[in-house]
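A.B. asks: pasting the structure only:
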């Protein structure tokens, strides 16, 4: 248990008394908040203080756990979900899309509600569902949120909320993370790292796709599968209707030269990727990627920005179990006295 204990920077509880807040709801389920200290560029101490101040002000019971060791996040998430399910509580994750993915994986199939406090650079998942990137506003949103079933996707048995990919895109993410550690987290750094990756990597994949019983052999530098309408709209892929119709969106590229790849990067930045002739995109409910002589039995996969190795064949599909997400509602006004007295 020592690694688990060491991975908490703090473990704090707050259970409001009846007179602590005029709008405290004694029947409200407790919040079990997991804050990943490695996510985003915000100061962990500042973020935790903001969360505590808001929840204390409104009298909401909570437990806040700050995770210092990212390697322990999956285990901590599973243990926290068990505790929340045992008392009818809600699990909340404060972190980027990768952290949200890890905690969402632990809740999948349990019907345990999940709240999100976005702390990442892009925050595609939170923005897609109307969750503010401002910590105080997002925390207040939890207090009036309503549970809504949200589509999630799987590659084999691994969940992804925003996207999953193989080939060039995982390499782009690895290089981007290395650049962020050296130069900081912002969109300009992400763009510069992507440009350098394209200049260095030229490998093409020969993959076999099975979709609706038909097999398609294609040669491509990358296969990208999206489950986030906002991201697809941002890069200019007109498949947002596929997501709304309980499908996923696949994007592949025809074999390209270096200048063509750079031009596609520019088009993606300006939201014009779908207009390029070298881009192939389509919607699907289930797709199998089988190994070929150029695709090893184990391949590198990126899911919501996290890199893992997986065994082939790869099966991409919509999960039969939704995610029960807390979506923010309207914040109540604190009660005021009619007499205006201090009594």
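C.D. replies: It's in. Not measured: the values here are computed from a predicted model.
A.B. asks: quick check: the gap between the closest residue to residue 242 other than its chain neighbours and residue 66.
C.D. replies: Leaving aside its chain neighbours, residue 242 sits nearest to residue 283 (3.1 Å; criterion: CB to CB, 6 or more residues apart in numbering). Just so you know, the C-beta spots here come from the backbone N, C-alpha and C atoms, and that holds for glycine as well. Separation of residue 283 from residue 66 (CB to CB, to the nearest Å): 40 Å.
A.B. asks: the more surrounded of those two?
C.D. replies: With neighbours defined as other CB atoms under 10 Å, residue 283 and residue 66 compare such that residue 66 has more, 20 against 17.
A.B. asks: residue ranges of the helices in the protein, please?
C.D. replies: Listed in chain order, the helices of the chain (DSSP state H) span 2-6, 44-57, 73-87, 97-107, 124-128, 135-143, 168-183, 187-200, 229-235, 240-244, 258-269.
A.B. asks: isn't residue 38 right next to residue 72, touching?
C.D. replies: No. Applying CB atoms under 8 Å as the test, residue 38 and residue 72 come out as separate, 10.9 Å apart.
A.B. asks: any shared contact partners between those two?
C.D. replies: Overlap of the contact sets of residue 38 and residue 72 (by CB atoms under 8 Å, 6 or more residues apart in numbering) is empty.
A.B. asks: quick one: residue 167 and residue 219 touch, right?
C.D. replies: No. Taking contacts as CB under 8 Å, residue 167 lies outside contact range of residue 219: 10.8 Å.
A.B. asks: more neighbours: these two, which one.
C.D. replies: Neighbour count, other CB under 10 Å: between residue 167 and residue 219, residue 167 has more, with 24 against 14.
A.B. asks: give the bridge partners for that one, please.
C.D. replies: residue 222 (DSSP bridges).
A.B. asks: distance-wise, check it relative to residue 283.
C.D. replies: As defined by CB to CB, residue 167 lies at a distance of 20 Å from residue 283.
A.B. asks: show the average pLDDT along stretch 162-172.
C.D. replies: Averaging pLDDT along stretch 162-172 gives 86.
A.B. asks: what sits up against that stretch?
C.D. replies: 97, 124-125, 153, 155, 158, 193-194, 197-198, 201, 203, 205, 220-228, 231, 289, 299-305, 307, 314, 316.
A.B. asks: drop anything exposed from these.
C.D. replies: 97, 124-125, 153, 155, 158, 193-194, 197-198, 205, 220-228, 231, 289, 299-305, 314, 316 (16 or more other CB atoms under 10 Å).
A.B. asks: quick check: domain ranges of the chain?
C.D. replies: In terms of domains, the chain is parsed into 2-152+323-327, 158-318 (source: automatic domain parsing).
A.B. asks: where does this structure dip in pLDDT?
C.D. replies: 1-26, 39-42, 175-191, 193-195, 197-202, 257-270, 293-296, 330-343 (pLDDT under 70).
A.B. asks: quickly note the distance from residue 27 to residue 88.
C.D. replies: To residue 88, residue 27 is 10 Å away according to CB to CB.
A.B. asks: so the two - more neighbours on which side?
C.D. replies: Taking neighbours as other CB under 10 Å, residue 27 and residue 88 compare with residue 88 leading, 10 against 4.
A.B. asks: list the contacts for the more buried one?
C.D. replies: residue 29.
A.B. asks: for residue 167 and residue 219, list the residues in contact with both.
C.D. replies: residue 205.
A.B. asks: now the most centrally placed residue in the chain. Nearest residue, chain neighbours left out?
C.D. replies: With distances taken as CA atoms, centre = their mean, the chain has residue 97 as the residue nearest its mean C-alpha position (2.7 Å). Nearest in space to residue 97, with sequence neighbours left out and distances taken as CB to CB, 6+ apart, is residue 304 at 4.6 Å.
A.B. asks: so that neighbour touches residue 95, yeah?
C.D. replies: No. Using CB under 8 Å, residue 304 is not in contact with residue 95, being 10.9 Å away.
A.B. asks: who's in contact with the residue nearest to residue 97?
C.D. replies: Contacts of residue 304 (CB under 8 Å, 6+ apart): 97, 98, 100, 101, 125, 160, 161, 162, 163, 164.
A.B. asks: quick one: which two of those residues are the most distant?
C.D. replies: The distance between the two most remote of the contacts of residue 304 (CB to CB) is 14.4 Å, for 100 and 164.
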